[in-house]
Every structure is written in C-alpha cells, then in structure tokens.
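J.: build me a model from this:
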Amino acid sequence: MTSTSEVILPASSPARLRHVGTVLVLAAGLAIGVFGRETLLVQATDILIFALFALSLNLVVGQSGMVSMCHAAFFATGGYVFGVLQVKYGWTGVGGAAAAAVLAIAASVLLALVIGLLIIRVSHAYFIMLTLALGQLVYIVIWKWHSMTGGDDGLIGIAGVPGLQDARTFYMVAFVIVASCTALLFTIARSAFGHTLTAIRDNPLRAAFIGVPVRLFRLAAFVLAASFAALAGVGQAIFHRGMFPSSASFITSADALVAVVLGGTQWFFGPIVGAITFKILTYGLPHLTDYWLSCLGIVIIVVALSLPGGLLSLVARIDSRWRK
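T.: Purely as a prediction, here's the structure:
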C-alpha cells in the first residue's frame with residue numbers, strides 16, 4: 001500500500017500545484033456560469049452540491065480516519081427539514097427560506113451530536129457497522145413517516161428561494177457558496193484543530209498519551225462535517241424542488257465515500273476531483289452502454305489498484321518524475 005510520503009510532493013510543489021489548480025477550477029466554474037447552456041448549468045450545479053457533500057465527508061474520513069456510512073442521514077435531514085418547513089408550515093420567501101435553512105442545519109447538527117455520542121467510543125469495523133445501522137434507521141423514519149415526509153413518494157412542492165428560479169442564477173449562487181465552504185473547510189483543515197485531527201488519525205494512542213481528548217475531537221469533527229452535509233442537503237432540496245428517501249440511503253453515503261477515495265483521502269481537494277469524476281462518469285457512461293454501472297465499477301477498481309492514493313496522487317507522480 002502506498003505510504004503518505006510517496007504521494008506528498010516536495011514542500012514547494014504542493015502549494016504551487018494547489019494555487020494553479022485552484023485558479024483553473026475557479027476560472028472554469030465562472031466560465032460555465034457565464035457561457036454554459038442550461039443543460040450544462042444543471043449538471044454543474046448537481047456536481048457542486050455533490051462535491052460539497054463529499055468534501056464534508058472527507059473531514060471525517062480523510063482528516064479524522066473514521067469511515068462513516070451514515071453521512072447521508074445528515075444530508076437528508078438538512079433537505080427534509082428545510083422542505084417540511086416550506087411545504088407544511090409555509091416558511092417561504094427569502095426570510096422564510098433563510099430561517100428554514102438555519103433550522104435544517106441545526107437539526108442535522110443535533111442529530112450528529114446524538115449519533116456521535118453513541119458511536120464515538122468504538123472504532124474501525126464497529127464504527128462502520130454502527131454508522132450504517134443508525135443511518136438506515138434515519139432512512140426508515142423518512143420512508144415510513146408518510147404524513148410528514150411523503151414517505152416513498154417523496155416530499156415535493158418545495159418552493160425554494162425567490163430569485164433563484166433561473167438555472168444560471170442558481171448555479172452562480174451555488175458556486176459562490178460551495179467555494180466559500182471549501183475555503184472555510186481548507187482553513188479548518190490547516191488549523192490547529194485540523195492538525196490535531198490528523199495526529200489522532202495517524203496515532204490515536206499517542207495523541208491520547210500526550211493529553212489530547214481524542215473522543216472530543218472526533219465528535220467535534222463528526223458534528224462539523226454534518227453541518228456542511230446539511231447545507232448540501234438544503235441545496236439539493238432547493239435544486240430539485242423536492243426530497244426523496246434515497247437521499248438518506250447508505251448508497252448515497254457510499255457514493256460520497258467513493259468520490260472521496262477516488263480523488264484521494266490524503267489530499268484536501270481530492271473529494272472535489274473525485275466528485276467531478278464520479279458525476280461525469282454517471283452522466284456520460286449511460287449514453288455509451290446499458291452496462292454503465294459495471295463500467296463505473298471497473299473504473300473505480302482500476303483507480304484503486306493503480307493509484308492507491310487517488311487520482312491526485314497521479315499529479316504527484318508526474319511532478320516527482322519531472323523534477324528528477
């Protein structure tokens with residue numbers, strides 16, 4: 001298995017490549033917003049929401065070393081609480097939508113705190129199993145609570161936010177929000193809090209020995225990641241004008257986990273690259289073959305075997321060979 005030292009570039013290279021990559025991505029995102037046609041704008045918006053969801057998961061997986069299979073529960077809770085407040089209680093208009101979004105994120109944070117307190121004492125396989133079970137419990141509640149969530153028919157009729165009905169406007173607002181969240185998560189990852197999480201991930205026993213409250217830091221990361229997932233869920237509800245039980249399924253969590261691993265858990269921008277790649281494949285492969293899911297699986301297997309550090313590790317390898 002490729003070690004971290006094999007995929008990290010020399011000190012000057014990561015910063016240079018990160019700056020160049022950031023400029024290119026921002027330029028491409030703005031170009032799509034200005035010149036893109038409606039179909040491209042819709043697909044790009046979907047990618048933005050999924051990228052934020054995957055990036056939030058990486059705070060738990062890549063930064064903290066905890067493989068969570070219930071992240072979709074926070075994504076769905078954010079979307080459903082926002083949708084219920086609009087559809088059932090009339091929280092519409094700009095003010096109502098803003099208040100509903102805040103309450104939706106708060107609800108997901110509360111749920112993450114409850115789940116986190118239940119599971120933070122376990123690790124490895126037990127952590128995965130418990131997050132899977134609790135995530136599916138949330139899915140069952142959403143699926144069965146027909147009077148509130150619409151059950152398996154979904155919650156439809158979400159009004160969204162006035163002024164964001166146009167695809168181009170919605171994309172640009174989503175682009176700014178996701179870019180801001182990415183900058184905030186990057187700051188968190190490079191802060192003392194983020195470095196402590198990395199130390200806990202690499203050696204939790206040593207971190208605990210020197211006095212780091214390991215469980216408290218892991219719980220904080222779990223809850224913080226849930227807040228960003230909930231924001232992505234609110235975006236999903238507004239974008240699709242509805243929410244459906246599948247958004248809380250473990251499959252949705254697995255999709256985000258695939259995006260994280262595909263891009264590279266050791267890289268902050270890995271989940272974004274993985275999310276873009278994953279979505280492009282899911283958009284393009286069905287037009288090429290009826291067996292697109294099998295093809296998608298093959299691509300993931302090839303990347304996992306040939307690039308254990310994710311797609312961004314390829315950049316490191318190319319740069320390393322070029323510098324020799």
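J.: show me where this protein has strands.
T.: Assigned by DSSP state E, the strands in the chain fall at 155-156, 242-243.
J.: redo those strands as a markdown table? Include mean neighbour count, mean pLDDT and distance to residue 298.
T.: C-beta: built from backbone N, CA, C; applies to glycine. Formatted as a markdown table, those follow (neighbours: other CB atoms under 10 Å; pLDDT from 0 to 100; distance: least, CB to CB, whole Å):
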| stretch | mean neighbour count | mean pLDDT | distance to residue 298 |
| --- | --- | --- | --- |
| strand 155-156 | 18 | 94 | 35 |
| strand 242-243 | 24 | 95 | 32 |
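J.: now tabulate those strands in TSV and tack on distance to residue 146.
T.: Below are those laid out as TSV (distance: least, CB to CB, whole Å):
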stretch	distance to residue 146
strand 155-156	10
strand 242-243	14
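J.: is residue 169 in contact with residue 162, as I believe?
T.: No: the criterion here is CB atoms under 8 Å, and residue 169 misses it with residue 162 at 10.9 Å.
J.: ok, now which ones touch the closest residue in space to residue 277 that isn't next to it in sequence?
T.: Closest residue to residue 277 apart from its sequence neighbours, by CB to CB, 6 or more residues apart in numbering: residue 262 at 5.9 Å. Counting by CB atoms under 8 Å, 6 or more residues apart in numbering, residue 262 touches 270, 273, 274, 277, 278, 300, 303, 310, 311.
J.: measure the last one to residue 47 for me?
T.: Computed with CB to CB, to the nearest Å, the distance linking residue 311 and residue 47 is 15 Å.
J.: the fifth one now?
T.: Residue 278 sits 9 Å away from residue 47 when distances are taken as CB to CB.
J.: looking at the two, which is more packed in?
T.: The neighbour count for residue 278 versus residue 47, taken as other CB atoms under 10 Å, is higher for residue 278 (25 against 22).
J.: which non-adjacent residue is nearest residue 172?
T.: Of all residues not flanking residue 172 in the chain, residue 33 sits nearest, at 4.7 Å (CB to CB, 6+ apart).
J.: check contacts around the one you found.
T.: Contacts of residue 33 by CB under 8 Å, 6+ apart are 41, 168, 171, 172, 175.
J.: relative to residue 148, which of the residues you listed is nearest.
T.: Distances from residue 148 to the contacts of residue 33, taken as CB to CB, are shortest for residue 171 (30.7 Å).
J.: so the closest one touches residue 46, yeah?
T.: No: if you go by CB under 8 Å, residue 171 and residue 46 don't touch, sitting 10.0 Å apart.
J.: those two: which has the busier surroundings?
T.: Neighbour count, other CB under 10 Å: between residue 171 and residue 46, residue 171 has more, with 25 against 19.
J.: against residue 271, how distant is the more buried one?
T.: Residue 171 is 20 Å from residue 271, by CB to CB.
J.: same thing with residue 218?
T.: 19 Å.
J.: give me the more crowded residue out of those two.
T.: Of the pair residue 218 and residue 271, residue 271 is the one with more neighbours under other CB under 10 Å, namely 34 against 24.
J.: pLDDT score for the more buried one?
T.: pLDDT for residue 271: 94.
J.: from residue 294, how far off is it?
T.: Remark: distance between residue 271 and residue 294 (CB to CB) = 24 Å.
J.: now swap in residue 166 and tell me
T.: 38 Å.
J.: residue 182 too?
T.: 32 Å.
J.: which of these two has more neighbours?
T.: Legend: neighbour count by other CB under 10 Å for residue 182 and residue 294, higher for residue 182 (20 against 11).
J.: ok, and the closest non-adjacent residue to the more buried one?
T.: residue 55 (6.4 Å).
J.: try residue 282
T.: residue 296 (6.9 Å).
J.: OK, contacts around the one you found?
T.: 281, 282, 285.
J.: for PyMOL, what selects the buried ones among these?
T.: Entered in PyMOL, the line below selects the buried ones among the contacts of residue 296, by 16 or more other CB atoms under 10 Å:
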select buried, resi 281+285
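J.: want to try a markdown table for the contacts of residue 296, with pLDDT as columns?
T.: A markdown table is the format used below for the contacts of residue 296 (pLDDT from 0 to 100):
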| residue | pLDDT |
| --- | --- |
| 281 | 94 |
| 282 | 94 |
| 285 | 92 |
